[in-house]
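> got a sequence here, can you build the structure:
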Amino acid sequence: MTHRPGRPSRRTVLQTSAALGAAAALAACTGTGGGDARATTLYTAGLQDGAPANFNPLGWTASWPVGNYAVHLYETLFNFNLLTGESEPLLASGIAWDGDTGAVTLHEGTTWHDGKPLTSADVIATFGLADRNEGIAYGDIWSYVDAIEAPDDRTVVFTLNAERPQRLRLMDLLCFTYILPAHVWAEVPDAELTEHPNTEPVGSGPYTLDSYSHQDVTLALHPDYWGAEIHGKPVPQQVVHAIYEGNDAANLSFQNGDIDLSAYFLPRVNELWEERGLPVKTWQSDAPYHLPGSIPMLIINTTTGPLADARVRRALAHAIDYAKIAESAMAGMSDPAQASVILPEGAESVHFNAEAAAAGWSYDPDEAARILEQEVGAAKGDDGIYVLPDGTRLGPFKAATPQGWTDWNAALDIVATTATAAGIDVATEFSDFTEVNDNLGNGAFDMVLWYVSDVAPSSPWSRIRDLIDDRDVPPVGEMAFWNFGRFHHDAVPALLDEAATAADAAAATAAYTQLDDIIRAEAPAIPLMYRPLEFYQFSEKNWTGFPTKDDPYCAPMQGMTGIQILSKIKPAES
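Reported below is the predicted structural model:
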C-alpha cells in the first residue's frame, strides 16, 4: 500500500479516562458471595464512563477495554512498557531497521477469535482503513510513512517519509493501533467505519466480550488464545469491569474488597493501610504512591492580549503555588511540578535536566512582581491587579477545564487564588468536556488545563511537539489537534527534527534541553501536576501478585503491558 499524494496531515489522539461511572453499586452486578466464582473472576473499575455504547476501535468513544490502551480484546503489533520506555513485541516478534525502512515480523500462529489466521494482510488492511474514512485517528501515519507493503504473510515493511524519517512517531502508531481482521471490517461501509457499534468484536487478544450492560462489562478467557505460550495464559476466567455512579460508590466497593483493581482517583489512599489495616496497596507505599505518566498543563493562548507577552506568562508561572496543588488538589499523589515538560521519573528521566529545571520558574510572588514591574513596566491598580503601561489590566483571564474533573478543578482554583493574589486576575470556568475541547481546538480561550501526550515510545518528543510545534497547525478559528496556544518559535522545528533523529540518548537530551529552555523562557504552557496514566490501587483480599515498585514485572496499569498482570496473579487462598 503506497500513500497517495496530497493527503492532509492528521493527528492521532489516544486518550484514557478516569471514569466517573453511571450505574448501580457492585452488589447488583457481582452478588456478594465468594467461593469458586470469586477465585476465577477479577473485578476492576475506573476505566468505563457510563453504560457501554460501542466497542469500535476506530471511533472516539469506544467502551472498555477498547480505547483504554488495553489489549484484552484487540492487540497491537507492539506493547509499550511505561517503566522501561521499550516497545515490547506483542503480535509482532520484532522490527528490523535498514535505513528508513522498518520490517516488522509477525509471530507464528497468530489467529483471530473466530479461528482464522491473522496475517500481514490484516495489518495492511488496518492501516488502509484510514484511507477509507478521514475520521480515523491514526491517518496521520501518512505524514511519516510513504508506503506499507507485505512481501509475505508474516512480514510488513514500513517505508518512512524521506523528509520526515520519524521512527519515534511510527513506533507510537505500532504500539497504539489495534490490528483488525480484514475479513470483518471489509464488510463495513466506508462512511460507517467510525460509527459501527461493533458489539460482537472479533479480536486476537486473550479475552472475548461475554456480555455488557449499564452495570458492567464482562470478558471471558479465550480458550484458544494464540499467544498463551509466548505471553502467558491469564489466570482469571472472567474479568468484570463494574460501572458506578461516581467515585464514592466505587471507592467504597474497593475498600470492601469487592473491587480488586481500581483506576479511580482515591484521595488519601495510604490511610487505607496505615490507619485501617486494609489489604490494599498502590505502586509504592510512600507518596506520591503512583507512577507519573502524564503532565496536565495550563495551556496559554499566545496569540492575543497581555498573554501574548512571554514576560507576562513567565510572571504567571511564578504566581502559581505548585506545592499546594500537589498536596491539596492531588491529595499528595503528585510531587510539586517542576519547570520542565519532561517527566523526572520513569523512562523519560534519562532526558530530564534537573539543573535546568531548577533554574526555571517556581512559586515566587516576589519574582512575579519583579518581572511585571521591572521588565514589563506594569503598576498595580487600586484593586491589586497590575495594569500595563498602555492601560491594559491583567485580567480577568478565564482558566477553563471540564466540570467534574475534581482534582483539575481544585488545581485551577488554586491557580486563580494565587495568581490573583500576585496581581494577575484569573477566574475559573468549568463547563462540559465538549465545550472546553472545541474552544481549545479553535483557539477560543485564555488558558485551559489540559492533558498533553501521555508517555509513549516517542516521549518526550511527542509532548514537546504537541505543545510548541506550529507546523501544519491552522490559525485561530480552525480546529487544531496540537499546539492549541498557537505558539511560534523559529528554532523549534529544527530542534524537534534533531531530537527525533539523534544518534544516541545524549544527543537527544541536548536537543530536548534546548526545547525545554525555550518553554521555560517563553512559558507557552505551564505544568501543574504529575498524574499517572491510570490511578492504580489493588486489593489483596481475593487476588495476590500484583506488580509494585518492589516487584516491577510490568507497568502499574490495566492497559498496555498491564495485561501481564492477568497471567501473574493468583487467588488469595491458593
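
> most centrally placed residue in this structure?
Asp454 (3.7 Å; Cα atoms, centre = their mean).

> is it true that it touches Ile295?
No. Contact criterion Cβ atoms under 8 Å: Asp454 and Ile295 do not qualify, at 9.0 Å. All C-beta spots, glycine's among them, are computed from the backbone N, C-alpha and C.

> the longest helix anywhere in the chain: what's the following helix or strand?
Taking DSSP state H as the criterion, the chain has its longest helix at helix 505-522. Tracing the chain C-terminally past helix 505-522 and defining elements by DSSP states H and E, one meets strand 525-527 next.

> right, and the helix or strand after that next one?
Assigned by DSSP H and E, the successor of strand 525-527 is strand 537-539.

> does anything pack onto that following strand? Which helices or strands?
strand 261-262, strand 280-282 (3 or more Cβ pairs under 8 Å, 6 or more residues apart in numbering; DSSP states H and E).

> leaving out chain neighbours, which residue sits closest to Met529?
Leaving out its chain neighbours, the residue that sits closest to Met529 by Cβ to Cβ, 6 or more residues apart in numbering is Ser334, at 4.5 Å.

> next, that neighbour: phi, psi?
phi -150, psi 140 (degrees, to the nearest 10).

> residues in contact with it?
288, 292, 325-326, 529-531 (Cβ atoms under 8 Å, 6 or more residues apart in numbering).

> how about a cut-off of 7 Å?
By Cβ atoms under 7 Å, 6 or more residues apart in numbering, Ser334 lies in contact with 288, 326, 529-531.

> which members of those residues are the farthest-apart pair?
Using Cβ to Cβ, the two most remote members of those are Ala326 and Arg531, lying 10.7 Å apart.

> who are the packing partners of the host helix or strand of Glu88?
Using DSSP H and E, Glu88 maps to strand 87-89. Applying 3 or more Cβ pairs under 7 Å, 6 or more residues apart in numbering; DSSP states H and E, we find strand 87-89 packed against strand 78-80, helix 167-176.

> okay, the ones you listed, which one's buried deepest?
strand 78-80 (a mean of 27; mean count of other Cβ atoms under 10 Å).

> what packs against that strand?
Short answer (3+ Cβ pairs under 7 Å, 6+ apart): strand 78-80 packs on strand 87-89, helix 167-176.

> and the helices in the stretch 351-500 of the chain, which stretches?
354-358, 365-370, 406-421, 433-442, 461-468, 492-500 (DSSP state H, counting those that start in this stretch).

> pipe these into TSV and attach distance to Ile320, mean pLDDT and mean neighbour count per row.
Shown next, in TSV, are the helices of the stretch 351-500 of the chain (distance: least, Cβ to Cβ, whole Å; pLDDT from 0 to 100; neighbours: other Cβ atoms under 10 Å):
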stretch	distance to Ile320	mean pLDDT	mean neighbour count
helix 354-358	15	94	13
helix 365-370	9	98	17
helix 406-421	5	96	20
helix 433-442	20	92	16
helix 461-468	17	95	24
helix 492-500	24	94	19
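
> that older thread, next SSE downstream of the strand holding Glu88?
strand 92-98.

> could you pull out the strands for the stretch 151-300 of the chain?
155-160, 207-212, 216-221, 238-242, 261-262, 280-282, 297-300 (DSSP state E, counting those that start in this stretch).

> neighbours of Val184, how many?
18 (other Cβ atoms under 10 Å).

> for Trp64, see how far away it is.
20 Å (Cβ to Cβ, to the nearest Å).

> same thing with Asp98?
In terms of Cβ to Cβ, Asp98 sits 39 Å off from Trp64.

> now do Thr40
When Thr40 is compared with Trp64 (using Cβ to Cβ), they lie 20 Å apart.

> would you mind splitting this structure into its domains for me?
27-75+199-288+535-571, 78-185, 297-527 (automatic domain parsing).

> state the mean pLDDT of the shortest one.
Looking at domain 78-185 alone, the average pLDDT works out to 95.

> and the end-to-end length of it?
21 Å (Cα to Cα, to the nearest Å).

> likewise for the last one?
Domain 297-527 stretches 4 Å from its first residue to its last (Cα to Cα).

> and what of stretch 522-535?
OK, stretch 522-535 end separation, Cα to Cα: 32 Å.

> ok, now stretch 475-489?
15 Å.

> residues touching the residue lying closest to Leu118 once chain neighbours are set aside, list them.
Spatial nearest neighbour of Leu118, excluding adjacent residues (Cβ to Cβ, 6+ apart): Thr110 at 4.0 Å. Contacts here follow Cβ under 7 Å, 6+ apart; on that basis Thr110 touches 91, 118, 204, 226.

> wait, the first one sits on Leu106?
This means Leu91. Yes. The pair Leu91 and Leu106 passes the contact test of Cβ atoms under 7 Å, sitting 6.0 Å apart.

> next up, the contacts around Ala125.
Applying Cβ under 7 Å, 6+ apart, the residues near Ala125 are Ala182.

> surely it forms part of a strand?
No. According to DSSP: H, G, I helix; E, B strand; the rest coil, Ala125 belongs to no strand; its state is helix.

> what separates it from Ala326, distance-wise?
Ala125 is 46 Å from Ala326, by Cβ to Cβ.
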